[in-house]
Every structure is written in structure tokens, then in C-alpha cells.
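[1] Quick one, fold the following:
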Amino acid sequence: MKDSTVTPRLFRIISLDLDGTLLNERGEVSPEDAEALRSFARAGGIVVFASGRLTEVIRVHQRAAGVDGPVISYNGAMVREPEAEGGGIILHRPLPARYADRLIEYARRERLFLNYYLDEALYAQEDAELRRFAEMYSRRTGAVYHFVPDLRAFKGK
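    Numbering: from 1, shown residues only. Down below sits the predicted model:
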């Protein structure tokens, strides 16, 4: 007869999105969740934070939680090593420039606010009517904007 006892599975990696998953209503990792993540890491587990945000903005939450691990940023377009390993790029798949150029033109034509990420910085077109969207996103995420007169300056990037 076969042994019917169940052996608990050991997990080696946890990957967590920030918004609507790990962060509470104040935009923070709760002390209880931080302790659980630290305990998992102390036991040899890998804790990965993932988000559409800038890498550095994600790292702020890792540090606050007291864990270090890989980061998945820009909705999966970049993966970086843990800071303790140098934080180097593991994977980087930016949007091809021809599509980025089209998005810039579309946003301009439709008068839409566009977050433009390039070389680990966040850019937006200076526009007094649309600036409220940058302020709202910055308050929510801690992202710092670099405003430019015209995003078309990034054509081909």
C-alpha cells in the first residue's frame, strides 16, 4: 500500500506585484508581510518584487521590507539582479523605437499624458493641462518626473 502522507512542497521563489497585491492602502508593505518575506529569504528563498514602475522605485519598497532580490520592472521589460549582486541587468526588452515614436505622436494628437521611460528615467511632456496626471502618479508611486518641452526629442529611442 502506498503512503498517503503529503510532503509539504518547499517554495524557492516568491514573486509579488506591488499595487493591489503587496502594498497596503498607504502604499507600504505591512510589517507582517515584511517579516514573512524576511523569514522566507532567511530560509533561502528568493523574493522578487514586480511592477510597471521604475526599478529604483521598486527597490525603495524592497529596502523598506528588509529584503533584497531580483526586480522585474516596466511590466516585465526589465529584470535586474539583487542589489547585493550588483543590480545588473538580466533581461532588457524595451519597446522598439518605431512603436515608441507612434505612441508619442498618438499621445500628442489625442492630448493624452504619456509616461515615457528611457534609461531608467521617467519623462513626460511639459503640459500645464496634463501635469495633474504626473502629480497623481508621483504621489502614488514616488516616481520623479523629468519634464521636457517635447517628447519627440526622443524620436528613434
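
[2] Can you report the mean pLDDT over the residues of stretch 125-144?
    For stretch 125-144, mean pLDDT rounds to 94.

[3] buried stuff in that stretch?
    Neighbour counts using 16 or more other Cβ atoms under 10 Å place 125, 127, 134, 137, 141, 143 of stretch 125-144 among the buried residues. For glycine as for every other residue, the C-beta is placed from the backbone atoms N, C-alpha and C.

[4] same check, this time on stretch 30-48
    Neighbour count says stretch 30-48 has 34, 37, 40, 41, 45, 46, 47, 48 buried, by 16+ other Cβ under 10 Å.

[5] same check, this time on stretch 46-57
    Result for stretch 46-57 [16+ other Cβ under 10 Å]: buried residues 46, 47, 48, 49, 50, 51, 52, 53, 54, 55, 56, 57.

[6] May I see the residues you listed arranged in JSON lines, with secondary structure and distance to residue 110 as well?
    Converted to JSON lines, the buried residues of stretch 46-57 look like this (DSSP: H, G, I helix; E, B strand; the rest coil; distance: Cβ to Cβ, whole Å):
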{"residue": "46", "secondary structure": "strand", "distance to residue 110": "41"}
{"residue": "47", "secondary structure": "strand", "distance to residue 110": "39"}
{"residue": "48", "secondary structure": "strand", "distance to residue 110": "35"}
{"residue": "49", "secondary structure": "strand", "distance to residue 110": "33"}
{"residue": "50", "secondary structure": "strand", "distance to residue 110": "29"}
{"residue": "51", "secondary structure": "coil", "distance to residue 110": "26"}
{"residue": "52", "secondary structure": "coil", "distance to residue 110": "21"}
{"residue": "53", "secondary structure": "coil", "distance to residue 110": "24"}
{"residue": "54", "secondary structure": "coil", "distance to residue 110": "25"}
{"residue": "55", "secondary structure": "helix", "distance to residue 110": "29"}
{"residue": "56", "secondary structure": "helix", "distance to residue 110": "30"}
{"residue": "57", "secondary structure": "helix", "distance to residue 110": "27"}
